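A.B. asks: task: produce atomic coordinates for the following.
(one chain, ligands or ions: 1)
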Amino acid sequence: MTKVEYSFSEKKVSYYFDASFSLLQDLVPVATTVLITDENVFNQHKEKFEGWKTVVIKAGEEHKQQSTVDYIISELIKLEADRKTFIVGVGGGVVTDITGYAASIYMRGLKFGFIPTTVLAMVDASIGGKNGVDVGVYKNLAGLIKQPEFLLFDYSLLQTLPNEQWVNGFAEVIKHACIKDALLFSILEKFTLHDFQKDETLLADIIERNVKIKTAVVTEDEFETGDRKLLNFGHTIGHAIENMHQLLHGHAISIGMVAACNLSEQIAGLHFDEARRIVQLLAKYHLPVDIETDDEKVFQVLRMDKKRNSSVMNFILLNKIGEAVIKPIELEVLHQHLKEIL
Ligand code: NAD
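C.D. replies: So this is what the prediction gives:
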């Protein structure tokens, strides 16, 4: 196990790499801690929750809604949680997002930590303090930024993760490579998903490399006024189609990344010409690279996107692999290009 502390504006967050779930009892008092997890994680790892007060929510993005927050709050009241109670989210991004949010509003805020159990939650969702819920089809519309006290990485939890969820998580890994790390991109080209699933050292290395990329971007720009926006590469169109088509998050952003690459090739001023290489890598990691969709509906959802600023949308595009840029694009220009890029 290695402990690394990262400084965010509000506090230092401790990251426990290559740790075991059982370390939790050394980090928080069992008697005054409540774990929040979903039914899949709970059923697959029941023995780990023994002795801990636990709230189990329904699994899936469709439950990342205010009604589940209300349920968590009512369970916390039943468990007599007070201002000294510590909350730990054990699960994928849905659990970590909703746990951080519920913990931050219950009694105006309790301390919380995360044990991410999906690749996506390990390399992305659990890092950076963005917590919240969806409102209808609008992703993450209600929420806040608040850092957890700690992140505990137990890679053995991934042994029960369904294959499609590995694929889902590697979409974010590929995203990190595209925007920040050309060497990571080459490593991903060299290996296969199966290699990472079978080789613990390879897996630990790639997860830590990605955790560091996300953490570096976030600590430099915690409140998303600059570089943190780069992490939205593929997400603008991705989020629009995710709920419309009930896609896995990673599948949606894979298609969103291809659209952003196509847009990068078509927008004047950028000389990006590596869309093909990115499409090949996404396909190699079993990710979808296009979709049959209703462009008009996608456009209507995009217009409501919270990142929109009047008639212009800030899009994350690529100069080259490993180097992303933020470009304002007129909504009307986007409207015209949508058919060709999707
Ligand atoms: P998820 O939490 O829905 O987990 C995926 C599925 O895997 C679920 O069915 C879950 O029950 C199951 N699961 C989780 N861990 C398991 C395990 N170890 N073994 C067996 N099954 C397991 O989805 P996700 O892909 O982890 O996260 C997606 C969510 O993350 C989205 O809501 C997205 O908005 C959010 N997200 C947030 C941020 C952020 O910065 N806060 C960043 C990226 C994504």
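A.B. asks: centroid-nearest residue for this protein?
C.D. replies: A125 (3.1 Å; Cα atoms, centre = their mean).
A.B. asks: residue contacts, it?
C.D. replies: The contact partners of A125, taken as Cβ atoms under 8 Å, 6 or more residues apart in numbering, are G92, G93, T96, D97, P116, T118. C-beta here means a position set from N, CA and C on the backbone, and glycine is covered the same way.
A.B. asks: hmm, N40 and V56 touching each other?
C.D. replies: No. The pair V56 and N40 does not pass the contact test of Cβ atoms under 8 Å, sitting 9.7 Å apart.
A.B. asks: tell me which residue of the stretch 151-300 of the chain lies closest to the ligand.
C.D. replies: T160 (3.6 Å; Cβ to the nearest ligand atom).
A.B. asks: what is the burial count for the closest residue to that residue other than its chain neighbours?
C.D. replies: Spatial nearest neighbour of T160, chain neighbours left out: Q44 (4.3 Å); criterion: Cβ to Cβ, 6 or more residues apart in numbering. Residues within reach of Q44, counting by other Cβ atoms under 10 Å, total 14.
A.B. asks: same question, E189
C.D. replies: Using other Cβ under 10 Å, E189 is surrounded by 13 other residues.
A.B. asks: helix or strand: which one has the closest residue to it other than its chain neighbours?
C.D. replies: Of all residues not flanking E189 in the chain, L281 sits nearest, at 6.1 Å (Cβ to Cβ, 6+ apart). Taking DSSP states H and E as the definition, one finds L281 inside helix 275-284.
A.B. asks: any chance you could map the strands in this structure?
C.D. replies: Applying DSSP state E to the chain gives strands spanning 2-7, 12-17, 33-38, 53-57, 86-91, 112-116, 130-135, 138-145, 150-152, 308-309, 312-320, 323-330.
A.B. asks: would JSON lines of the ones you listed with mean neighbour count be doable?
C.D. replies: What follows is the strands of the chain, written out as JSON lines (neighbours: other Cβ atoms under 10 Å):
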{"stretch": "strand 2-7", "mean neighbour count": "12"}
{"stretch": "strand 12-17", "mean neighbour count": "18"}
{"stretch": "strand 33-38", "mean neighbour count": "24"}
{"stretch": "strand 53-57", "mean neighbour count": "20"}
{"stretch": "strand 86-91", "mean neighbour count": "27"}
{"stretch": "strand 112-116", "mean neighbour count": "28"}
{"stretch": "strand 130-135", "mean neighbour count": "21"}
{"stretch": "strand 138-145", "mean neighbour count": "16"}
{"stretch": "strand 150-152", "mean neighbour count": "24"}
{"stretch": "strand 308-309", "mean neighbour count": "11"}
{"stretch": "strand 312-320", "mean neighbour count": "19"}
{"stretch": "strand 323-330", "mean neighbour count": "16"}
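A.B. asks: those strands: which one's closest to V173?
C.D. replies: Across the strands of the chain, V173 has its closest neighbour in strand 112-116 (13.8 Å, Cβ to Cβ).
A.B. asks: does the ligand have contacts with the closest one?
C.D. replies: No. Shown here: strand 112-116 not in contact with the ligand (Cβ under 6 Å from any ligand atom), separated by at least 7.5 Å.
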